[in-house]
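Colleague: following is a predicted model, sequence given first.
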Amino acid sequence: MGARKLNIIKSNDQSNLKLVEKTSDEVLVKEENPILKKAKDDFDRFNTLYARSQMDAVLLIKKWISQSSSNDVSALKAVGQQLESDFLTSIFNKLNSNEREIWKQKVDGFLSGVELLHANQFISEEVVRDSIAPQGVSDMELIDLLLSLEVETAVNFVKENKNEAKILLNLLQPRLGGKILDKLEIDESKELIGQSLMFDFHSVTDEFKLFKSVLSAFVEKSKKKPFNLKILQMLPSFNPNKEKMLYNVLAKENLKTDMMSAANANFPSELIGELPVDLLKALMQKYPADIRIQLLASVEGSMKNTLLSSFAEVGSAAREMIDLEFENLENDQGMKARINSQKSQLWFDFVKYIRNFLKDDEKYTTDIELIVSSWVDSMCSSESQAA
């Protein structure tokens, strides 16, 4: 028994289509057959359109209802015969009462195998025509890639791929291109429009193979974004001593933009020693003295020396006071044990203190961005060489 499909037939109920079950074996059998596989692929383009933009799918249905040519009627029957019931009901509810009535009148019985093949081919051509520019391409892989392209992914693509952005905009219908432009800043939109107007289809000599390769790779990378977003959400509360591990994941994917955004919002703990000297001095001086001495006692190596020298240079009165406090700690075994057990928390609290200060600071914004940018470039470069 094949997968269960649903068909729509006329109903006395003026507000709904009646759904009746029909197995796919009664509609299309032996899907391994190349012809039938093509028919399935053809209709899947409507499913892709629906997944990308339900309203675009509804508008196509509305067009078929209003025109009502033999192909349009066959398309309406084919949609009712093959679309999942939940999707079908959702589309139907977005039509006005007159459109619903016309659709019900047009749907009478099931399409035969050959009729369904022809209807699906027409649906595929309509979806492509509705989405891809007339001067477009014949490569069905590229067409399917363009049809399944989500607006947010397309926006990120044109931002990160300036050379290919103008090609994408020229391959899409103005309605879809407009959705992308609406998501861009005004200056970005103007620049992209200008480049797109200058684009010449005759300049493409490889049948868009390079463009397809770049777009396909970007889409695949974007599919990993949900986890990447989770990584970004983890950073504020993640142990600073282990945060490098999260950045390494992003660096392996060469997600510089995401890394820059994350690091600017949550200044990496390992970069604290690279803060401008006067800034680090002010931060250390403002940190509560009792907590500061515990912090300094808990850190080791170059970071300890950097923090100490930032506000208490060797030989200064401040340094003598700090050294005296260190001596007192050495003689307090209970305090030493407590500080040792709270090392991670003492450092985390200090990192949060630094981050909170930087979020509200404007004076050092440029310095921080340069420090972060250099660090991100170095990480991505290292991962690239390792690969």
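Modeller: Cool, the structure landed.

Colleague: how distant is the host helix or strand of residue 122 from the center of its chain?
Modeller: Per DSSP states H and E: residue 122 is located in helix 113-131. Put simply, helix 113-131 sits 31 Å off its chain's centre (CA atoms, centre = their mean, to the nearest Å).

Colleague: what is that helix packed up against?
Modeller: Contacts defined by 3 or more CB pairs under 8 Å, 6 or more residues apart in numbering; DSSP states H and E place helix 113-131 against helix 34-52, helix 54-67, helix 70-82, helix 140-147. Backbone N, C-alpha and C define where each C-beta goes, glycine included.

Colleague: contact partners of that helix?
Modeller: With CB atoms under 8 Å, 6 or more residues apart in numbering as the test, helix 113-131 has contacts from 27-29, 35-36, 38-43, 45-46, 48-49, 56, 60, 64, 71, 74-75, 77-79, 81-82, 111, 143, 146-147, 172-173, 176.

Colleague: would you mind getting the angle between it and helix 34-52?
Modeller: Relative orientation of helix 113-131 and helix 34-52, computed by axes from the mean of the first three to the mean of the last three CA atoms, to 10 degrees: 40 degrees.

Colleague: so which bits of helix 113-131 are buried?
Modeller: Residues of helix 113-131 classed as buried: 116-124, 126-128, 130-131 (neighbour count, 16 or more other CB atoms under 10 Å).

Colleague: ranking the helices and strands packed on helix 113-131 by burial, who's on top?
Modeller: Most buried of the helices and strands packed on helix 113-131, by mean neighbour count (mean count of other CB atoms under 10 Å): helix 70-82, with a mean of 22.

Colleague: chain center to that one: distance?
Modeller: The chain centre lies 34 Å from the centre of helix 70-82; the measure is CA atoms, centre = their mean.

Colleague: extract the CA atoms of the helix or strand following that helix and return them as PDB.
Modeller: Using DSSP H and E, the helix or strand that follows helix 70-82 towards the C-terminus is helix 85-93. Extracted in PDB, the C-alpha atoms of helix 85-93 (Å, rounded to 0.1, in the frame of the first residue of the first chain):
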ATOM      1  CA  SER A  85      -4.400  17.900   3.800                       C
ATOM      2  CA  ASP A  86      -3.100  20.500   6.400                       C
ATOM      3  CA  PHE A  87      -1.400  22.500   3.700                       C
ATOM      4  CA  LEU A  88      -4.400  22.300   1.500                       C
ATOM      5  CA  THR A  89      -6.700  23.500   4.200                       C
ATOM      6  CA  SER A  90      -4.400  26.300   5.000                       C
ATOM      7  CA  ILE A  91      -4.300  27.500   1.400                       C
ATOM      8  CA  PHE A  92      -8.100  27.100   1.100                       C
ATOM      9  CA  ASN A  93      -8.700  29.300   4.200                       C
END
